[in-house]
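Q: The amino acid sequence is not available; the structure is as follows:
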Ligand code: AMP
């Protein structure tokens, strides 16, 4: 017997409808490049998103045509996030930190028909235009000849545009993975995935975002939907603050203070910089409104999580996710029984990747099948759920990333403990195998980054005749600090077996980063392990 419940479509128009009806006076704030603030209300935002939707229809775009963006985080980008799906088309966020040849490949592969671009990023567009398929280029800011000024496009649109009640299984958003092997891969999110991801991210126990929050996403809107913040915040009516292009620690801290930000999120490298500045000038900013700083994209070192809390009273929330997962996978908030646990155990738990979000299921597979949830046995994490990709867009070269029974193989090597907390030990390609045993590069990195003189550390495998591979640590020291290899080795020694300790420490000024701010280990392996890089 079937239930007798309405077939209500979970789609992006429904998210916007709610915000417009219930929170019309709430604010969306953008810091402009000259550091002044632009403010308007959800009501104005919704009207402009609808104008954009109708203008795109007038341009002849329908039925899932791709509209690309090359933009920083700002209110116009939010309008495109909503206006494009409202028009029945697919918004495709291009990562402005990628190499132009990768961008051109991605735009062509996705068949992007329109590009919406910030005027400050026009040089990037010029670098790819010859190889890109755009029929129309819409410019936010001052538009050169042959392009459409964004405001003119909107002026032609209808603020009363009524979107069709589209099928929740239709595509709404597209992102390409930054790709460590082969070409970048396209992930195509449905309206349903976006709607359910927003609902689950807003929950207490996950990112816990409500109408009362003031949310500033540091994570770029071109990286995995800015972790869903734009959709989640609009669903719940939270105040949204967009930082614009200035993402240095000082500018961010100024914005947190001025706008009384309660929730923010970004990759660990951003927070490491912020922690260093706060340590230097602990009384400069009033961050008393801040309730949660969400850190993900790479492992958040325990020393950093502890440092924020102990020295500045700031609560770090460690989360794990992937572009293939819209992107939220898990969040490391303490469950009630752990609140009674010894402090050391609590910190250890908060540094794990955490419990899977609702409707994300996990399991891990080793050489001999699924591994037990004992917190010790390592295996590759597999996931399934309502917002997880079922395949890549027009590319089956990695069809083997899905198991026969339909789970997605994440490529992350993890342990899962008896409570269901995931702990990432490595990316499968970064695993170090010494004498047949695995050494976790992530555990070594976190331990080295616990030393007060260390700003950043990345650990890679280098070939070794006797042991096959050995760990090598690449270290950036904090300004004005010193430490020797022996000191660092002795510092972390209590946490590891002797054979797991790095033989070599290399001191560098900077660790190369990927387009989304993660350590670029391929470049380090090329520099220190004689490996040839084959892909980005
Ligand atoms: P991306 O799709 O670019 O966001 O990359 C996803 C990958 O980033 C994951 O498969 C993990 O390897 C890594 N990652 C994301 N969040 C975390 C985290 N909190 N801790 C460790 N690794 C992470």
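A: Arrived safely. Since the structure is predicted, the reported quantities are computational estimates derived from the model, not experimental observations.
Q: When you work out contacts or count neighbours from here on, use the C-alpha atoms and nothing else.
A: OK.
Q: what sits up against stretch 254-263?
A: Around stretch 254-263, the neighbours that count as contacts under CA atoms under 8 Å, 6 or more residues apart in numbering are 209, 213-216, 241, 243, 285-294.
Q: switch to 10 Å and redo it
A: Judged by CA atoms under 10 Å, 6 or more residues apart in numbering, the contacts made with stretch 254-263 from elsewhere in the structure are 29-31, 35, 37, 207-209, 212-217, 239-243, 249-250, 252-253, 264, 284-294, 315-317.
Q: Okay, and which of these map to helices?
A: When the contacts of stretch 254-263 are checked against helices using DSSP state H, the ones located there are 249-250, 252-253.
Q: among the residues you listed, which ones are buried?
A: Neighbour counting over these (16 or more other CA atoms under 10 Å) leaves 249, 252-253 as the buried ones.
Q: Need the residues you listed in TSV (columns: pLDDT and distance to residue 530).
A: Rendered in TSV, the data for these read as follows (pLDDT from 0 to 100; distance: CA to CA, whole Å):
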residue	pLDDT	distance to residue 530
249	96	34
252	97	38
253	98	40
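Q: Nearest to residue 228, out of the residues you listed: which one, please.
A: residue 252 (19.9 Å; CA to CA).
Q: In contact with that closest one, which residues are there?
A: Residue 252 makes contacts with 216, 218, 243, 246, 258, 270, 274, as judged by CA under 10 Å, 6+ apart.
Q: wait, doesn't the last one sit right on residue 307?
A: No - counting by CA atoms under 10 Å, residue 274 stays clear of residue 307, with 11.2 Å between them.
Q: Quick check: closest non-adjacent residue to residue 156.
A: Leaving aside its sequence neighbours, residue 156 sits nearest to residue 55 (CA to CA, 6 or more residues apart in numbering; 6.1 Å).
Q: how close does the one you found sit to residue 86?
A: With distances defined as CA to CA, to the nearest Å, the gap from residue 55 to residue 86 amounts to 11 Å.
Q: mind listing what the nearest residue to residue 32 once chain neighbours are set aside touches?
A: Computed as CA to CA, 6+ apart, the closest residue to residue 32 that is not its neighbour in sequence is residue 244, at 5.8 Å. The contact partners of residue 244, taken as CA under 10 Å, 6+ apart, are 30-35, 37, 71-75, 218, 220.
Q: Show the pLDDT at residue 244.
A: Looking at residue 244, its pLDDT is 88.
Q: Kindly report the same for residue 180.
A: Looking at residue 180, its pLDDT reads 52.
Q: And residue 465, by the same measure?
A: As summarised for this prediction, residue 465 has a pLDDT of 84.
Q: One more: residue 218?
A: According to the prediction, residue 218 has pLDDT 97.
Q: what about residue 189, helix or strand, and which?
A: In this assignment (DSSP states H and E), residue 189 forms part of strand 186-190.
Q: strand partners of that strand, parallel vs antiparallel please.
A: Based on DSSP bridges, the pairing partners of strand 186-190 within the sheet are strand 171-176 (antiparallel).
Q: The closest residue to residue 403 other than its chain neighbours: how many residues sit nearby?
A: Spatial nearest neighbour of residue 403, chain neighbours left out: residue 409 (7.2 Å); criterion: CA to CA, 6+ apart. Residues contacting residue 409 under the criterion other CA atoms under 10 Å number 18.
Q: All further residue positions should be reported with the first residue as 244.
A: OK, 244 is where the count begins now, so the last one is residue 652.
Q: What residues are bridge-paired with residue 652?
A: Here residue 652 shows beta-bridge partners residue 625, assigned using DSSP bridges.
Q: give me every residue that touches it.
A: Residues 606-608, 623-627, 643-646 are the ones in contact with residue 652 under the rule CA under 10 Å, 6+ apart.
Q: Show me which of those residues are buried.
A: Burial of the contacts of residue 652 was assessed by neighbour count (16+ other CA under 10 Å); the buried members are 606-608, 623-627, 644-645.
Q: And the contacts of residue 652, which two are furthest apart?
A: 606 and 643 (16.9 Å).
Q: before we move on, the earlier item: average pLDDT across the strand holding residue 432?
A: Averaged over strand 429-433, pLDDT sits at 98.
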